[in-house]
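Okay, sequence plus prediction incoming.
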Amino acid sequence: MSGPELGLALSVFLACAVEAVEALTIVLAVGTTRSWSSAFYGVGAATVALAAVVAALGPALTALPIDVLRLAVGGLLLIFGLQWLRKAILRGAGLKALHDERESFAEEAAAARAAGGTERGFDGYSFAIAFKGVLLEGLEVAFIVLTFGANQHRVGLAAAAAGVAIALVVVAGIAARAPLTRVPENTMKLAVGVMLSSFGMFWGVEGAGASWPGGDAALLAIVPALAVAALAAIELLRPAAATREPT
Amino acid sequence: MRPLRSALRSAARSVWEFVVGDDWRSALGVCGALALTALLAALGVAAWWVMPLAVAGLLWLSLRRFARER
């Protein structure tokens, strides 16, 4: 496996694991309070919808000329990655509240109980919440799978990395029978932000017609440099957070 | 026709929210930096350094803006 392919697999795996943890919390909340079977139907329907999105857009993207693809996808990936990176840095510095799976679970479970009595058989509420939760969390992963995969013509590898991450999270969720609160979500989001932004920058420059010194090896400098910059930003912003409540 | 236009507008808004999020300035900056890279490359000038500088600057400005707002 080449360096860029390893980067692709790692980025998709981490992004997918983080999103799967969040989706798992939602499914657990409606499943334990209302109906497991309806929640599973919702998960299945959302998975089919996401697979259809990847299957439909993957070949269309890979059919584009490589320079156009790299410029467009690199730009989009960089814009998208900077969002992940900024939020992870703000959370790391204490300027934004960390995502708390236990709290999310409690909120979702309270909303599920308040939604009224469960219907016998199929429960529309459980289906709809599980479907929406998995679809929304999964769309970000589908975007990453498509952009990374299409750029390297390895949509299959990206999809496989996503599948492994989902399987691991589901197994861990079944074993724990509770939200996965010990997953270092923000560290993983920071890593994903660094990878998305680095690859976005790399491909964007190549798509714009410029060349990196050292070719693909430039990624070995870009990724650590951006990671160091992100960690430095967290340290620089910490004093500002000390005087404020995270929101 | 009106429902179709409304659906298209809603879809466009969702895509915008999804990709750009709450920081359109950074998105605009990325597009500008890519355009400058393409221009310099077309003129035969080594242009790889534009994006790292732009990303560092845009990220720092974005962080400062959000830190001040909070």
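Now that the structure is in, tell me what you want to look at. Numbering: from 1, shown residues only, chains lettered A, B, ... in the order given.

How about residue A:191: what's its closest non-neighbour residue?
residue A:14 (5.4 Å; Cβ to Cβ, 6 or more residues apart in numbering or on different chains). Backbone N, C-alpha and C define where each C-beta goes, glycine included.

ok, now which ones touch the one you found?
A:165, A:188, A:191, A:192, A:195 (Cβ atoms under 8 Å, 6 or more residues apart in numbering or on different chains).

Apply 6 Å and report the result again.
By Cβ atoms under 6 Å, 6 or more residues apart in numbering or on different chains, the contact set of residue A:14 is A:188, A:191, A:192.

do you know how far it is from residue A:88?
Counting by Cβ to Cβ, to the nearest Å, the gap from residue A:14 to residue A:88 is 11 Å.

can you check residue A:67 too?
31 Å.

middle-most residue in chain B, spatially?
residue B:27 (1.1 Å; Cα atoms, centre = their mean).

packing partners for the helix or strand that contains residue A:53?
Using DSSP states H and E, residue A:53 sits within helix A:36-62. Helix A:36-62 makes packing contacts with helix A:3-33, helix A:124-151 when contacts are defined by 3 or more Cβ pairs under 6 Å, 6 or more residues apart in numbering or on different chains; DSSP states H and E.

Generate a markdown table for those, with mean pLDDT and distance to residue A:199 as supplementary columns.
Formatted as a markdown table, these follow (pLDDT from 0 to 100; distance: least, Cβ to Cβ, whole Å):
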| stretch | mean pLDDT | distance to residue A:199 |
| --- | --- | --- |
| helix A:3-33 | 86 | 6 |
| helix A:124-151 | 86 | 7 |
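
need the ones you listed in JSON lines with distance to residue A:207, can you?
Below are those laid out as JSON lines (distance: least, Cβ to Cβ, whole Å):
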{"stretch": "helix A:3-33", "distance to residue A:207": "14"}
{"stretch": "helix A:124-151", "distance to residue A:207": "9"}
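
any chance you could map the strands in chain B?
Counting by DSSP state E, chain B has no strands at all.

where does it have low pLDDT?
Across chain B, residues meeting the criterion (pLDDT under 70) sit at B:1, B:70.

hmm, 80 instead?
Along chain B, the parts satisfying pLDDT under 80 run over B:1-4, B:7-8, B:10-15, B:17-19, B:69-70.

Enumerate the residues of it near chain A.
Selection of chain B residues close to chain A by Cβ under 6 Å from any Cβ of the partner chain yields B:19, B:21, B:26-27, B:30, B:34, B:37-38, B:41, B:47-48, B:51, B:55, B:62-63, B:66-67, B:70.

Please list the members of those residues that lie in helices.
Of the residues of chain B next to chain A, the ones assigned to helices by DSSP state H are B:19, B:26-27, B:30, B:34, B:37-38, B:41, B:51, B:55, B:62-63, B:66-67.

Those: which two are farthest apart?
Comparing every pair within those by Cβ to Cβ identifies B:41 and B:67 as the most remote, at 34.4 Å.

Now the closest residue to residue A:29 other than its chain neighbours: which helix or strand?
Leaving aside its sequence neighbours, residue A:29 sits nearest to residue A:108 (Cβ to Cβ, 6+ apart; 3.4 Å). Assigned by DSSP H and E, residue A:108 belongs to helix A:101-114.

In that helix, which residues are buried?
A:101, A:104, A:105, A:108, A:109, A:112 (16 or more other Cβ atoms under 10 Å in any protein chain shown).

ok, of those, which one's closest to residue A:218?
Of these, the one sitting nearest to residue A:218 (Cβ to Cβ) turns out to be residue A:101, at 36.9 Å.
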